[in-house]
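Q: pasting the structure only:
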């Protein structure tokens, strides 16, 4: 399995609606990108201080399938329209597991 | 499901052996912490620039089970003996999914 993990922090001025829309729009992607094998997203639960605000974990058969997701125009549109406008910082890893 | 995600960057002087030992030691934890439902770790695949170096994704039934893992003395020993000595930065999120 090839796993993609990305964590975001949001700008302080990001509204609750904007943050929720990121999750809503990302969760549409498994319906349109067949290469996605598993897909979870979520806002930080607030259990620990100093955390990032939001996580995406996406599983693929291999790196090529991940590449299809990464570069898919509908995914790129969600990034451009909903993530980048409220993004403060981003941390990511892709790994074989 | 309650999912814990953490991404690390390592200090430049961290050796390949030190980095590999983190994975080896963490992968022993599912054998000793029964609350862990699924556990994957891995070094970044090098597909994208600017990534963190290493990822852990751990799944639990609920936040209380995650807390058992977080605070378990054997987990804390891995953090103290193998992660903190080479840690440069850390990003984490816990979320319900």
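A: Received the coordinates, thanks. Source: prediction; values computed, not measured.

Q: strands of chain A, start to end?
A: Secondary structure of chain A (DSSP state E): strands located at A:2-10, A:38-43, A:54-60, A:87-96.

Q: any chance of these in a markdown table, plus mean pLDDT?
A: Listed next are the strands of chain A as a markdown table, based on pLDDT from 0 to 100:
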| stretch | mean pLDDT |
| --- | --- |
| strand A:2-10 | 98 |
| strand A:38-43 | 98 |
| strand A:54-60 | 98 |
| strand A:87-96 | 98 |
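
Q: excluding chain neighbours, what is closest to residue A:39?
A: residue A:30 (4.7 Å; CB to CB, 6 or more residues apart in numbering or on different chains). (Glycine included, C-beta is placed from N, CA and C.)

Q: still on that earlier bit, format the strands of chain A as a markdown table; extra columns: mean neighbour count and distance to residue B:7.
A: Converted to a markdown table, those look like this (neighbours: other CB atoms under 10 Å in any protein chain shown; distance: least, CB to CB, whole Å):
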| stretch | mean neighbour count | distance to residue B:7 |
| --- | --- | --- |
| strand A:2-10 | 23 | 6 |
| strand A:38-43 | 18 | 15 |
| strand A:54-60 | 24 | 10 |
| strand A:87-96 | 19 | 5 |
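
Q: between the ones you listed, which one is closest to residue B:12.
A: Nearest to residue B:12 among these is strand A:87-96; the distance by CB to CB comes to 17.6 Å.

Q: which other helices and strands does that closest one contact?
A: Applying 3 or more CB pairs under 8 Å, 6 or more residues apart in numbering or on different chains; DSSP states H and E, we find strand A:87-96 packed against strand A:2-10, strand B:2-10, strand B:38-43, strand B:54-60.

Q: check whether the first one contacts chain B.
A: When you say that, I think you mean strand A:2-10. Yes. Using CB under 8 Å from any CB of the partner chain, we find that strand A:2-10 touches chain B at A:2, A:3, A:5, A:7.

Q: mind listing what the last one touches?
A: So that's residue A:7. Going by CB atoms under 8 Å, 6 or more residues apart in numbering or on different chains, residue A:7 touches A:52, A:54, A:55, A:56, A:90, A:91, A:92, B:5, B:7, B:91, B:92, B:93.

Q: what parts of chain A come near chain B?
A: Applying CB under 8 Å from any CB, we find that chain A lies next to chain B at A:1-3, A:5, A:7, A:40-45, A:47-48, A:50-55, A:57, A:63, A:66-67, A:70, A:91-97.
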